[in-house]
Each structure stands twice: as structure tokens, then as C-alpha cells.
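Enquirer: build me a structure from this.
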Amino acid sequence: MEGKMPDLEQEAAESRRHGGAVRFFMRFTRKQRYMHAVLFTTFLGLAATGLPIRFSESIWARGLAKGVGGFGAILFFHKFFALVLTGAFLIHVKEVFSRGVVNGEKGVFWGPNSMVANWKDAKDLFGHLRWFVGLGPKPKFDRYAYWEKFDYWAVFWGMIVIGFSGYAMWFAPFFAHFLPGWALNAVLVIHSEEGLLAILFIFSIHFVNTHLRPDSFPMDMVVFTGVESEEEFAHKRPLEYERLKREGKLEARLGEAPQTWLINFSRVVGTIAILIGLTLLVLTLTAYFS
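Expert: Sure, this is the predicted structure:
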């Protein structure tokens with residue numbers, strides 16, 4: 001298993017004490033961090049409002065509905081979170097389209113900095129499985145590992161399948177003009193089951209891969225602070241680190257050590273999000289198997 005990385009707050013404090021002895025590198029821009037904050041906030045909101053509707057006969061669902069003013073209020077907030085998430089998704093798609101198509105920026109759709117899966121990701125997947133059982137060395141990852149790309153494209157799948165089915169139910173009279181009756185019945189099942197699958201995946205697989213891994217436990221702070229120490233960078237993404245160093249572009253990625261208030265705030269927000277997710281996971285499994 002991978003060893004635990006040094007504590008971010010200790011590294012940041014050491015960097016300030018020694019005038020930058022510990023170097024930090026930018027991984028996510030401020031805009032990317034804000035977009036992620038919107039994404040996980042709206043997803044938690046959709047999960048917290050969608051699950052009581054899905055399991056409306058459960059004791060905890062009825063209790064929650066009573067506390068907020070009924071299932072009508074829960075549905076209102078569910079639609080609100082859906083609109084916010086849709087807006088953020090469309091903004092992101094527009095940005096990717098502008099960068100890759102309008103501006104012709106290289107590396108958006110292919111290459112080491114792209115979120116598009118390639119042959120190396122397939123080899124990394126099987127290499128990782130071999131490493132898990134002690135049959136080979138651990139693969140070296142670039143800017144984005146195969147599971148991070150999977151998480152990224154899962155959002156697109158969710159917006160297409162879960163989002164479309166949700167809007168088809170919301171605006172059923174409109175969609176009834178070009179969808180047969182059986183399709184409108186089907187979207188109810190699709191929305192419910194795909195939404196449940198997404199919730200189970202995020203609150204189990206994604207949480208474990210991102211935050212509960214040995215070298216990130218109890219939380220990966222980079223998505224909150226935007227920076228990571230040089231040791232963490234070289235350890236988690238050695239191919240990107242080596243490539244930037246070889247090309248003389250490493251210094252361009254230098255960032256400032258995160259402030260203590262930001263680290264503490266990120267820990268509080270992240271801990272709350274993880275606890276909410278794990279609580280919803282337990283309630284979901286309890287309701288599903290009961």
C-alpha cells in the first residue's frame with residue numbers, strides 16, 4: 001500500500017518559516033475549484049432531496065419531509081439544485097468547446113493534459129489491478145489517472161441520462177408532443193435507478209478513490225486549495241512532474257503555500273460533505289434492502 005503523505009498544513013507552515021523551502025504547485029485554478037464546489041454542493045443537494053422521494057415510505061424520508069414542509073418542498077429544492085447543476089454543466093461545456101474548437105487549443109481533446117481516455121489509461125487500469133495483487137509494479141500516472149477520467153465523464157453520462165429523464169418528467173406535457181407514452185413511463189424508472197446508481201458510486205467509489213486512499217486520508221485537499229506540495233506532486237503524478245521538469249515548464253506551475261484559514265475551512269467543508277454523503281449512503285442501503 002502507498003504511504004501516507006505529509007500533512008498539508010505542516011508543509012505550508014514550513015514553507016512560510018523557511019522562505020519557500022517547501023514548494024507548492026498549481027493543479028486547479030480558482031475557477032475550476034469554484035466549479036467543483038458548485039458540482040459537489042448541488043450533487044449533495046440532489047441526493048438529499050431525491051432519496052427521500054425515491055424511498056418515500058421509509059421512516060427517515062417521512063420524517064425529513066415533515067421537517068421541511070412536506071414532499072412538495074423537497075421536490076422544489078430538488079428542481080432548484082437541478083437547475084443550478086445544469087447551468088454549471090453548460091458553462092463547462094461552453095468553455096471546453098471554446099478552448100478546443102474555437103481557439104484550437106492543443107491538448108484539450110488528446111494528450112497528457114486531456115480528460116479523454118487513451119490507450120495508456122487502459123494499460124494503467126490493468127497494471128494497477130496487477131499491482132493490487134502483487135503481480136507487477138505500480139503504474140506511473142500522468143496529470144489525470146484513469147479513474148479521474150472515469151469520474152469526469154460520469155458527469156456527462158449523468159447529465160444526459162439522469163438530467164434528460166428528470167426534465168422529461170418535469171415538463172411532461174411538452175415532451176409528450178414527440179415521445180410516446182411508454183417512453184414517459186420509462187424515464188421515471190431511468191431517472192430513479194440511474195440517480196440511485198450515481199449516488200452509490202459517488203458516496204462509495206469516488207469518496208474512497210479521492211479522499212480515503214492511504215496517501216490522501218482523511219482528505220485530499222488539492223481540490224479545495226488548488227495547490228499541492230512538490231513531494232505530493234512527484235509522488236502522485238510522476239510522469240507529469242518529470243515531463244514538466246524535462247521541458248523546463250515546472251517553474252511556471254509554482255504556486256503559493258495555502259493559508260491556514262483556507263486549509264481549516266476546506267477541512268470543515270470537506271468533512272461535512274463526506275459525512276453527509278456517508279450518511280445518505282447508509283440510509284439508502286437501509287431503505288433499499290428493507
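Enquirer: got the buried residues for the host helix or strand of Glu231?
Expert: Glu231 is part of helix 230-236, with elements assigned from DSSP states H and E. For helix 230-236, burial by neighbour count (16 or more other Cβ atoms under 10 Å) applies to Glu232, Phe233, His235, Lys236. Every residue, glycine included, has its C-beta placed from N, CA and C.
Enquirer: is it true that the third one touches Arg213?
Expert: No. Between His235 and Arg213 there is no contact under Cβ atoms under 8 Å: 11.9 Å.
Enquirer: what score does Ser58 have for pLDDT?
Expert: Looking at Ser58, its pLDDT reads 88.
Enquirer: quick revisit: quick check, nearest of the buried residues of helix 230-236 to Leu179?
Expert: Lys236 (45.7 Å; Cβ to Cβ).
Enquirer: tell me how far the closest one lies from Phe55.
Expert: Separation of Lys236 from Phe55 (Cβ to Cβ, to the nearest Å) stands at 38 Å.
Enquirer: likewise for Leu278?
Expert: Applying Cβ to Cβ to Leu278 and Phe55 gives a distance of 17 Å.
Enquirer: then Gly136?
Expert: 43 Å.
Enquirer: show me what the helix holding Glu231 packs onto, helices and strands only.
Expert: strand 24-26, helix 238-247 (3 or more Cβ pairs under 8 Å, 6 or more residues apart in numbering; DSSP states H and E).
Enquirer: out of these, deepest packed?
Expert: Among the helices and strands packed on helix 230-236, strand 24-26 has the highest mean neighbour count (mean count of other Cβ atoms under 10 Å), at a mean of 22.
Enquirer: and the next helix or strand past that strand?
Expert: Assigned by DSSP H and E, the successor of strand 24-26 is helix 30-54.
Enquirer: in which helix or strand does the residue lying farthest from the centre of the chain reside?
Expert: Relative to the centre of the chain, and counting by Cα atoms, centre = their mean, the farthest-placed residue is His177 at 35.6 Å. If you go by DSSP H and E, His177 is not part of any helix or strand.
Enquirer: so what's the nearest residue to Ala122 once chain neighbours are set aside up against?
Expert: Spatial nearest neighbour of Ala122, excluding adjacent residues (Cβ to Cβ, 6 or more residues apart in numbering): Tyr146 at 7.7 Å. Counting by Cβ atoms under 8 Å, 6 or more residues apart in numbering, Tyr146 touches Ala117, Asp121, Ala122, Asp124, Leu125, His128.
Enquirer: can you count the residues close to the closest residue to His211 other than its chain neighbours?
Expert: Leaving aside its sequence neighbours, His211 sits nearest to Met219 (Cβ to Cβ, 6+ apart; 4.9 Å). Burial of Met219 is recorded as 20 neighbouring residues (other Cβ atoms under 10 Å).
Enquirer: right, and Met219 touches Thr271 too?
Expert: Yes. In this structure, Met219 is within contact of Thr271 by Cβ under 8 Å, at 7.1 Å.
Enquirer: picking that back up, filter the contacts of Tyr146 down to the buried ones.
Expert: Asp121, Asp124, Leu125, His128.
Enquirer: more neighbours, Gly136 and Phe55?
Expert: Neighbour totals were compared for Gly136 and Phe55, and Phe55 leads with 19 against 13 (other Cβ under 10 Å).
Enquirer: tell me what the strand or helix carrying Val93 is packed against?
Expert: Secondary structure assignment for Val93, by DSSP H and E: helix 71-97. When contacts are defined as 3+ Cβ pairs under 8 Å, 6+ apart, helix 71-97 packs onto helix 30-54, helix 59-68, helix 164-170.
Enquirer: can you show me the CA trace of the second one as PDB?
Expert: Taking only C-alpha atoms (Å, rounded to 0.1, in the frame of the first residue of the first chain), the coordinates of helix 59-68 have been written out as PDB:
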ATOM      1  CA  ILE A  59     -39.400   6.400   8.300                       C
ATOM      2  CA  TRP A  60     -36.400   8.700   7.800                       C
ATOM      3  CA  ALA A  61     -37.800  10.000   4.500                       C
ATOM      4  CA  ARG A  62     -41.200  10.800   6.000                       C
ATOM      5  CA  GLY A  63     -39.500  12.500   9.000                       C
ATOM      6  CA  LEU A  64     -37.300  14.600   6.700                       C
ATOM      7  CA  ALA A  65     -40.300  15.600   4.600                       C
ATOM      8  CA  LYS A  66     -42.300  16.600   7.800                       C
ATOM      9  CA  GLY A  67     -39.400  18.700   9.000                       C
ATOM     10  CA  VAL A  68     -39.100  20.800   5.800                       C
END
